[in-house]
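J.: Let's see this in three dimensions:
(2 chains)
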Amino acid sequence: MALVVEVDVAVCNGYGNCAVAAPDVFDLDPDTDIVLVKPGRPTDDDEDAVLEAVADCPVRALKAGRSA
Amino acid sequence: MSRTVTVVGASVAGVRCVQALRGKGFDGRIVLLDGETRLPYDKPALSKQVLDGVRADSAPGLVDEAELAGLAVDYRPGSAAIGLDLARRRVLVGGAAPVPYTDLVIATGSAPRRMPPLDGFPGVHYLRTLDDALALRDALGGGPRVAVVGGGFIGAEVAAGARARGLAVTIIEAAPRMASRVLPPAAGDRLERLHREHGVRIRCGVGVAGVRGGSRIESVELADGTAIAADVVVVGIGTLPATGWLAGSGLTLDDGVLCDAYLRAVGADDVRVIGDVARWLNPRYGHVMRTEHWTGAREQAALVGAALAGGPERVCDLVPYVWSDQHGTHIQHVGESPAPGDAVGASPQDGGGEVFEYRRSGRLVGATGFDAQRAILGLRRELAAAPVAPAATA
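T.: Sure thing, here's the model as predicted:
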């Protein structure tokens, strides 16, 4: 069961709190200013930071869970 | 004996603190006192999504019944604190027994600054709670002419929401420019341009003398003798920290509860203060400050929750960060506002955005972005990475 993140790009406003809470996992797209997940992320080591990032999103654009 | 952490206030700071306490393994008792009667909800939407009549009928919840149960928190809605007995370590609550604590967390937030000449008139609105927002939303549904008193971010968001409904809107600001407490003239000009382009009328540099009307408002009377015809008036002229219940408690009140760098109330190590109500020594800046921002409230709450759960004590050296959505433009402000003598640089961004950077002796101290989220993220990281002088934490 790998850690997975789900991003709702329609809701994201690019506030960047996720990229501050979990800088290894999230960034903002240079073209759209909307959240992107970095290649190969998240890893299981990112779990704490990802959960912080999910909770820190003002518009609840992020979800984290475990793949089946 | 088991410890009790009592948290006063159940907005974003109070709820986040409870979550952090449990998340960091605190296994004592937690009491969460909420002056409101509905489940804790998130406030940024009140001046944004709730008002424009399109995006939301309510505010998103901060926590639901199931999570409250999972947190094993003694949640008490409708329990406004009315006093604090520091010596006996208990919070006085209206109509109920005093609530004891071993550690107290004050998170009572702030309330809108009132404008006495307007008080008591039907049609005059302030915005703080969900009930306030729903009342204003209903009033806007009647198609009124709207006067917004105060050209700060809250007033500007309300104006944008009313314009999204097609209403006639005028912003009245006593200072020479909108948001002049936060923004330098160049950025304030950009903000005004944004509103004018979307049909908002703006009157800056003139104060409010009163309102004309009887059972309903007819106009807002200005100090220069002119008047703005209006059916609904929204007052957004800043907030005051909610410390009335602490008068005479022995805590030092000075536009908030005065705290050290660890968010401990001065003279009361068993009292922590978070969110809008905290005036704390931020070692990053070497002076006391008070912020009214969602992100900062969460950072403070997490820090205090972790400390009270037995984790290491950390100083609160946060970089202030706030966002505002107006007419579809994303405005962000990070760090300090420019002081006299600071250099203000403006850089246009691809796609029509713009960043204003503030530098003091060449060093970045703050920035404001208009539709420039990625650039602001970079500047926010740069500000957060700047070392904090160790001497300032002493």
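J.: give the contact list for the residue of chain A found nearest chain B.
T.: With Cβ to the nearest Cβ as the measure, residue A:14 is the residue of chain A nearest to chain B, at 3.3 Å. C-beta coordinates here come from the backbone N, C-alpha and C atoms, glycine included. Contacts were defined as Cβ atoms under 8 Å, 6 or more residues apart in numbering or on different chains; by that measure residue A:14 touches A:28, A:32, A:33, A:34, A:35, B:330, B:373, B:374, B:377.
J.: change it to 10 Å
T.: Residues in contact with residue A:14 (Cβ atoms under 10 Å, 6 or more residues apart in numbering or on different chains) are A:28-29, A:32-35, A:61, B:323, B:330, B:332, B:369, B:371-374, B:376-377.
J.: where exactly do the helices run in the stretch 101-250 of chain B?
T.: B:130-141, B:153-164, B:185-197 (DSSP state H, counting those that start in this stretch).
J.: beta partners for the residue most central in space within chain A?
T.: Central residue of chain A (Cα atoms, centre = their mean): residue A:26, 5.0 Å from the mean position. Here residue A:26 sits in beta bridges with residue A:37, as judged by DSSP bridges.
J.: Comparing the helices of the stretch 101-250 of chain B, which comes out most buried?
T.: Of all the helices of the stretch 101-250 of chain B, helix B:153-164 carries the top mean neighbour count, a mean of 25, counting by mean count of other Cβ atoms under 10 Å in any protein chain shown.
J.: Hmm, residue B:148 is touching residue B:158, no?
T.: Yes. The pair formed by residue B:148 and residue B:158 meets the contact definition of Cβ atoms under 10 Å, at 5.5 Å.
J.: Now do the shared contacts for the two.
T.: B:125, B:169, B:171, B:234, B:235, B:236.
J.: ok, and the most crowded of those?
T.: residue B:234 (29 neighbours; other Cβ atoms under 10 Å in any protein chain shown).
J.: Might one say that that one is in contact with residue B:136?
T.: Yes. In this structure, residue B:234 is within contact of residue B:136 by Cβ under 10 Å, at 6.5 Å.
J.: Grab the nearest non-local neighbour of the residue of the stretch 251-394 of chain B found nearest chain A.
T.: Nearest residue of the stretch 251-394 of chain B to chain A: residue B:373, at 3.3 Å (Cβ to the nearest Cβ). Distances taken as Cβ to Cβ, 6 or more residues apart in numbering or on different chains put residue A:14 closest to residue B:373, at 3.3 Å, once the chain neighbours are dropped.
J.: do the same with residue B:134
T.: In space, and not counting its chain neighbours, residue B:134 is closest to residue B:50: 7.3 Å by Cβ to Cβ, 6+ apart.
J.: if I look at the closest residue to residue B:250 other than its chain neighbours, how far off is residue B:210?
T.: Leaving aside its sequence neighbours, residue B:250 sits nearest to residue B:86 (Cβ to Cβ, 6+ apart; 5.1 Å). Between residue B:86 and residue B:210 the computed distance is 42 Å (Cβ to Cβ, to the nearest Å).
J.: what about the residue nearest to residue B:134, distance to chain A?
T.: For residue B:50, the distance to chain A equals 13 Å [Cβ to the nearest Cβ, to the nearest Å].
J.: again with residue B:144
T.: Here the criterion is Cβ to the nearest Cβ. By it, residue B:144 lies 29 Å from chain A.
J.: who are the neighbours in contact with that residue?
T.: Going by Cβ under 10 Å, 6+ apart, residue B:144 touches B:123, B:162, B:165, B:167, B:168, B:169, B:216, B:217, B:230, B:231, B:232, B:233.
J.: Please repeat the previous calculation with a cut-off of 6 Å.
T.: B:231, B:232 (Cβ atoms under 6 Å, 6 or more residues apart in numbering or on different chains).
J.: and what of residue B:276?
T.: B:109, B:110, B:241, B:292.
J.: What is the three-state secondary structure of it?
T.: Under the three-state scheme (DSSP: H, G, I helix; E, B strand; the rest coil), residue B:276 adopts helix.
J.: quick one: it from residue B:73, how far?
T.: Per Cβ to Cβ, residue B:276 is found 21 Å from residue B:73.
J.: so which residue of the stretch 1-150 of chain B comes closest to chain A?
T.: residue B:44 (5.9 Å).
J.: phi, psi of that residue?
T.: Main-chain dihedrals, residue B:44, degrees, to the nearest 10: phi -50, psi -30.
J.: From residue B:322, how far out is it?
T.: Distance, residue B:44 to residue B:322, using Cβ to Cβ: 10 Å.
J.: With residue B:97 instead?
T.: From residue B:97 to residue B:322 the distance is 39 Å (Cβ to Cβ).
J.: so where do the helices sit in the stretch 251-394 of chain B?
T.: With DSSP H, counting those that start in this stretch applied, the stretch 251-394 of chain B shows helices at B:294-308, B:373-385, listed in chain order.
J.: still on that earlier bit, Three-state assignment for the residue of chain A closest to chain B, please.
T.: coil.
J.: And it, what's its pLDDT?
T.: On pLDDT, residue A:14 comes in at 96.
J.: List the beta-bridge partners for the spatially closest residue to residue B:362 that is not a sequence neighbour.
T.: Nearest residue to residue B:362 in three dimensions, chain neighbours excluded: residue B:343, at 8.0 Å (Cβ to Cβ, 6+ apart). Residue B:343 has these beta-bridge partners by DSSP bridges: residue B:359.
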